[in-house]
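> The sequence isn't on hand, but the structure is:
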Ligand SMILES: Cc1ncc(COP(=O)(O)O)c(C=O)c1O
Ligand SMILES: Cc1ncc(COP(=O)(O)O)c(C=O)c1O
């Protein structure tokens, strides 16, 4: 059986060089980096190097990088920590409807404690209109949190235009760049970004390690409180292995982004064209050009995503139906729904997220296996037979 | 030069079998455990196994284990999450003066938002008197958070007696067992504990991974909010490598605790006796018998801890001056101060924390190197010359 | 979440897929917003369900519960079929993940709806009172 | 936090440790609660510091700043010695970690205290006004 992994949005395979670095480190480092002795120095220096590598990926400075346990934690930290440190400035925050749950849920909690949240709608491509932000800004607006790119549909948001607005109006701009960082070039100074979340396993690093970039001068209160790790901003003994792996992955990504983009985008377009040619009634999600290179999100009419996923899995093909987090939930993805797709169609969402691990062979194999699966499920679907009737 | 690591409180070396398991897993698993496909299943099963291994260590059930990114996060989560879920019950919490900063600092924050905190004093051994708890309980008391054992001075608290009180009075009992779990036997049912924090790198696992045990039926609100990982209680893609390593370390610890205790306690006592024989004006911290096996905390009169640590480091001996977190702070440890040691003496605290990595040779080497270092620093100390004068 | 081997078997090889051309009764339950639609048609002779077919739009569990429930009612009398609970359906599959229990409820409702339709056609009135399945039993989990 | 090579050198091989038996001036600053005590004794001849010795209770940085500041004032006039700032002491050591800057302040204060003592003994009154070192410059970090 094949072993085709096309679920890079849920987490990329570890890059071989990252594996190598982690394996080496397993045998050399274990000291607590807070300690002054030789063992502490080894890990302390390894973390410092990783901090530089991650900073370089987004053109930040090392002391602007705070390691966290995930993109999720980075988002929680950014929202709760920055707002708490700027209570006097105001209580209004602007975000979008299509954010990840790690932004949406903390904001719901903040709403209960007195914050006011404006959630911007998106167009059919999942794109935010910067004009809407201008309209939403109030004197009490402290922060705007809009994702850099959406992991489910791939759309890259107009962060440049948004940052121009926030900079002019002196509002803090946080962006959840978990789906973007390491996959497309980011420059937090070229585009004036104040805070940015990322996650290592979106670009060849280990899962369960992330980082928050925080522009020097922006105040934040610790979210995880305790000791003085990460410059007193994030407590808890460091996940040294994970951080070292994230550093290496960031270094490799920075060097290889153009080459990876080229390869992955080509494969993705070939898969898209092939599917459109062999299967009818397909709706492509996300923006036609401004998208994460490897992202191909489809709604396949008349059938449901999980069934497709399970049949593909039986053929050794791993994809995801919507986001990793919604694949256990029963409702259609809030992201797909926000783009205006109707409920039944949204249930048929499947996400092929290609990465550097994929090849032409993978694409051909999927193009061979997918159409009969779709046909079989459609034959089983009451929606399909009804639609056939109404057409005849 | 020697390479003697006696700073196990700051983090133990990775157990060779844990290294092995992590290395294997690096090559086999990377799927997101939230996903339904074959890759997700591999990691999902690995995490489930680790959950069982960690549960077994403390006689809990697997679904009562929530993985976190550190003992620090587990403490933050337990305090903030449980209190938030029991707002209606009351706003009073009882703790001790000698808790770790990852308990003390969250409680300070909670105090600012309307909670009332009672901090119990300890005796000269750092021991809490359960009678004081009885006196401190009020109708509004929701929770008692007292550490299982103190990592800095080793004292094991009377958790059995405390849990009898909390059970009778229907108060939630959380214990920070970071310094205890994996080092001494714990049974959360034998001793009725509702919530317990632990950290993998205290017992041969990797750093930056921990767990919160939460008794089934005790409500908690997520602290890190987002997706539905960890049964909806802790969001964020899992640190799979770390969790797998923690599981293996827990399994090994459970099997080996008696043997490890035997070995480590013997070495620790030998070191203690040797130091007392060769150096005068030494004060031993912590309880004489009820202590973590490998813990030897001393105050060396007239001199300061960091200088001792640095000179020992030059000889290849790694220890810590107080806790890992306070080794960067300037003040004497709040724990040592709480036991009633005077400020100057408290500055001379050094902590030898022995582990299964240590040997007789290590003890002999330290007994050879430490006395001249102490003598040299005392010759440099204004306190020492003054004390000599006043004695003559 | 993992499906049992039995679920995967019924999902991969569903029994009785299709529609009965001139069915004695047809029931369709669920809606796309909730994620699943089940359509069940039955052939009844002398109060016995002689044939049954389903079409389902939905997840793996929805297809598996549809499939197994057709097996469970085939050859049964109307009264016997009405006694089949969603729990029995789930048990017959070797259990369902908690978030998927609602699929077994849907299967139970689909059987009922088909029988109701049959009774209406034959006796002019449907089931006395439907087993009222409270919506509480649909445990939805939305990533919160 | 890492110490520079210069700090480690002065810590491992401190210069001018000890006490001058019949010193022209002696100053002791700091207290155990803050973590460090420095005691500095100077020998003054014709307004020039001809000898200086220190004893210090404290961390690596405290010992290193004591050591280097004795080197910096030896051979200097009283006025020159008073001009040495804590920043100069830290710079001479190739920098100090932020949490340890207060040690350099302590060194500056110890010099001043010794000179003050000398002036009191010889002229009957101490320094006109002490360079008032605000306590703000002692950045303490308490694990919060
Ligand atoms: C008693 C105690 N609690 C909590 C912690 C923090 O745990 P972690 O290092 O996993 O953040 C420590 C760390 O040494 C500790 O000794
Ligand atoms: C846009 C976005 N934000 C946040 C996250 C959560 O990051 P993590 O998986 O590191 O918790 C994801 C995960 O896929 C994501 O796609």
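Okay, I see it. Nothing here was measured: the structure is a model prediction, and the numbers come from that model. Ligands and ions are numbered 1, 2, ... in the order given.
> Regarding the closest residue to residue A:247 other than its chain neighbours, what is its secondary structure?
Closest residue to residue A:247 apart from its sequence neighbours, by CB to CB, 6 or more residues apart in numbering or on different chains: residue A:50 at 2.7 Å. C-beta here means a position set from N, CA and C on the backbone, and glycine is covered the same way. At residue A:50 the chain is in helix, as set by DSSP: H, G, I helix; E, B strand; the rest coil.
> For chain C, what's its nearest residue on chain A.
residue A:344 (3.3 Å; CB to the nearest CB).
> Tally up the residues packed near the residue lying closest to that residue once chain neighbours are set aside, please.
Nearest residue to residue A:344, sequence neighbours excluded (CB to CB, 6+ apart): residue C:32, at 3.3 Å. Neighbours of residue C:32 under the rule other CB atoms under 10 Å in any protein chain shown: 19.
> now do residue C:16
Neighbours of residue C:16 (other CB under 10 Å): 19.
> ok, residue C:125 touching residue C:119?
Yes - taking CB atoms under 8 Å as the definition, residue C:125 is a contact partner of residue C:119 at 6.9 Å.
> More neighbours: these two, which one.
Between residue C:125 and residue C:119, counted using other CB under 10 Å, residue C:119 has the larger neighbour count: 18 against 9.
> Which neighbouring elements make contact with the helix or strand where residue A:387 lies?
Element membership for residue A:387, per DSSP states H and E: helix A:382-391. Helix A:382-391 is packed against strand C:36-45, strand C:48-57, with contacts defined by 3 or more CB pairs under 8 Å, 6 or more residues apart in numbering or on different chains; DSSP states H and E.
> Enumerate every residue touching residue A:27.
Contacts for residue A:27 (CB atoms under 8 Å, 6 or more residues apart in numbering or on different chains) come out as residue B:19.
> And it, how far from residue A:241?
Note on residue A:27: its distance to residue A:241, by CB to CB, to the nearest Å, is 11 Å.
> now do residue A:348
Taken as CB to CB, the span from residue A:348 to residue A:241 is 40 Å.
> Quick check: residue C:81 is in a helix.
Yes - Residue C:81: assigned to a helix according to three-state DSSP.
> Would you mind measuring from it to residue C:117?
13 Å.
> residues near the residue in the stretch 201-350 of chain A positioned nearest to ligand 2, how many?
Per CB to the nearest ligand atom, residue A:210 is where the stretch 201-350 of chain A lies closest to ligand 2, at 5.0 Å. For residue A:210, the count of nearby residues is 32 (other CB under 10 Å).
> quick one, what contacts it?
By CB under 8 Å, 6+ apart, the neighbours of residue A:210 are A:67-74, A:178, A:197-200, A:246, B:236.
> which of the residues you listed count as buried?
A:67-74, A:178, A:197-200, A:246, B:236 (16 or more other CB atoms under 10 Å in any protein chain shown).
> Could you say which helix or strand holds the spatially most central residue of chain A?
Residue closest to the average C-alpha location in chain A (CA atoms, centre = their mean): residue A:179, at 2.4 Å. Counting by DSSP H and E, no helix or strand carries residue A:179.
> which residue packs closest to it, ignoring adjacent ones?
Leaving aside its sequence neighbours, residue A:179 sits nearest to residue A:151 (CB to CB, 6+ apart; 3.6 Å).
> The one you found is in contact with residue A:8, isn't it?
No - between residue A:151 and residue A:8 there is no contact under CB under 8 Å: 9.7 Å.
> Overlap in contacts, those two.
With CB under 8 Å, 6+ apart as the test, residue A:151 and residue A:8 both reach residue A:202.
> Longest helix in the chain, please.
With no chain named, the answer covers chain A. Ranked by residue count under DSSP state H, the longest helix found in chain A is helix A:240-278.
> To clarify, I was referring to chain C.
helix C:101-123.
> Which positions in it come out as buried?
C:101-119.
> Does it reach chain A?
Yes - residues of helix C:101-123 are located near chain A by CB under 8 Å from any CB of the partner chain, namely residue C:102.
> tell me what that helix is packed against?
strand C:25-31, strand C:36-45, helix C:60-73, helix C:78-82, helix C:86-92.
> now the last one, how far from the centre of its chain.
Taking the mean C-alpha point of helix C:86-92 and that of its whole chain, the gap between them comes to 11 Å (CA atoms, centre = their mean, to the nearest Å).
> Equivalent analysis for the longest one, please.
With CA atoms, centre = their mean as the basis, helix C:60-73 stands 6 Å off its chain's centre.
> mean confidence for it?
For helix C:60-73, mean pLDDT rounds to 96.
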